[in-house]
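In: Quick one: sequence and predicted model below, then my questions.
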Amino acid sequence: MEIPYTVKERKDTGLYNAKLGIWLFLASEVMLFGALFSAYILLRVGATPGTWPHGLLNVPLGTLNTIVLIVSSVTVVMAWASLKMNQFGKWRMYQAATLVCALIFLVIKSFEYHDKLTHYEVVTKEGDKHHVYDGHLVQEDKDKVVLHPSAHRLYTARAIALGFGPEPAGAHAPADHGAKGHAEKEALVTIQRSTIEHMENYGPKHHPYLAIYFTLTGLHALHVIGGALVMAFFFGPGAKMWKTDPERFTNRIEISGLFWHFVDLVWIFLFPVLYLL
Amino acid sequence: MSLKSFHIVFMLATLALSLFLTVWAYQEFARTQVTSYLAAAICAAVTSLAVLVYGRFFLKKLKHISYQ
């Protein structure tokens, strides 16, 4: 049985079915990401003044990832255009380049996640006195924990309650990204395990900012993985269709390209919101 | 909307982002006097121009492909 409207356009919609399907799917995706963006705005507006982080994320890495995704959107459209011009060899080259870009994006993202998951806040108690340390984990054993203090940190409700909140505005920018922040990096801090009251990494439960950061970027990364898997299928076993039904295959590439562009467009909004503002 | 049309929308968003990045990096340079921000602002401005040049190339190369 032949599936209708995989190549020809339906008269009532003016589109072939897969294109109508992907646009309906993308409309639902807009609602999904839109809801999460709204959650971000509400969390940010509702945060205690001075506690929402600035400069916590690595802007050069984020910029590099943005460039990688922009390049991938160019290669994906060029791949489709190559098929339209009957140039299968060129399509293979552009499709492979898109897959490489997706891989680079995910590798860079994993480095960023690793940076957050090895960043710790440690609350110690000696006698009646509390202290809050913050930095990247350098070494840990059963007796001690060694941290490299970070220039950029978050202020959790626990730290604020213990009197380790941000300094008043004008006294010292708590997370100033620039030369000043880097100059303030201190030497390694060794903490005895017996004094540790609480120790938690910069995972999603540590702070509302990290919760929304991991949710938004994690969901986006899942979309990148999904899109890359589909494109990898078309690059591999799915490419056989080019010999039997080239027009339908070209339409499939267009559909995967539309999805990929949506994923890239989401990142174009995510990058300034999470990294710059 | 075809991939061609969506790509144009995407490149407009990219242009807006690169212009925003130019302004953001320049403001950071004015605030901190760190030269790497100035370099970033110049790179972002050059990227904005590159996006415009690419847009022209793209429209010329794909002129025979439909927008729908």
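Out: Ah, there it is. Residues are numbered from 1 along each chain as shown, chains lettered A, B, ... in the order given.

In: Give me the three-state assignment for the spatially most central residue of chain B.
Out: The residue lying closest to the centre of chain B (C-alpha atoms, centre = their mean) is B:Leu15, at 2.9 Å. Counting by DSSP: H, G, I helix; E, B strand; the rest coil, the backbone at B:Leu15 sits in helix.

In: Can you tell me the closest non-neighbouring residue to it?
Out: B:Val51 (4.7 Å; C-beta to C-beta, 6 or more residues apart in numbering or on different chains). C-betas here are computed from N, CA, C, even on glycine.

In: Would you mind naming the helix or strand containing that neighbour?
Out: B:Val51 belongs to helix B:35-61 when elements are defined using DSSP states H and E.

In: What helix or strand is A:Lys11 located in?
Out: Short version, using DSSP H and E: A:Lys11 is in no helix or strand.

In: Looking at it now. What's its pLDDT?
Out: pLDDT recorded at A:Lys11 is 88.

In: what's the burial count for it?
Out: 7 (other C-beta atoms under 10 Å in any protein chain shown).

In: which regions of chain A lie under the pLDDT threshold?
Out: Residues of chain A meeting the criterion pLDDT under 70: A:167-186.

In: If we use 80, what do you get?
Out: Scanning chain A for pLDDT under 80 picks out A:1-2, A:151, A:157, A:165-186.

In: Quick check: next helix or strand after the strand ranked longest in it?
Out: Determined from DSSP state E, the single longest strand within chain A is strand A:129-140. Next in sequence after strand A:129-140, counting helices and strands by DSSP H and E, comes strand A:144-149.

In: Quick one: work out the angle between that following strand and strand A:129-140.
Out: Interaxial angle of strand A:144-149 relative to strand A:129-140 (axes from the mean of the first three to the mean of the last three C-alpha atoms, to 10 degrees): 90 degrees.

In: Would you indicate which residues of the helix or strand just after strand A:144-149 are buried?
Out: Sequence-wise, the next helix or strand downstream of strand A:144-149 (DSSP H and E) is helix A:157-161. Using 16 or more other C-beta atoms under 10 Å in any protein chain shown as the burial criterion, the residues of helix A:157-161 that qualify are A:158-159.

In: roughly how far is helix A:157-161 from the heart of the chain?
Out: Distance of helix A:157-161 from the chain centroid (C-alpha atoms, centre = their mean, to the nearest Å) equals 27 Å.

In: contacting residues around it?
Out: A:48, A:51, A:121, A:123, A:132, A:165, A:198 (C-beta atoms under 8 Å, 6 or more residues apart in numbering or on different chains).
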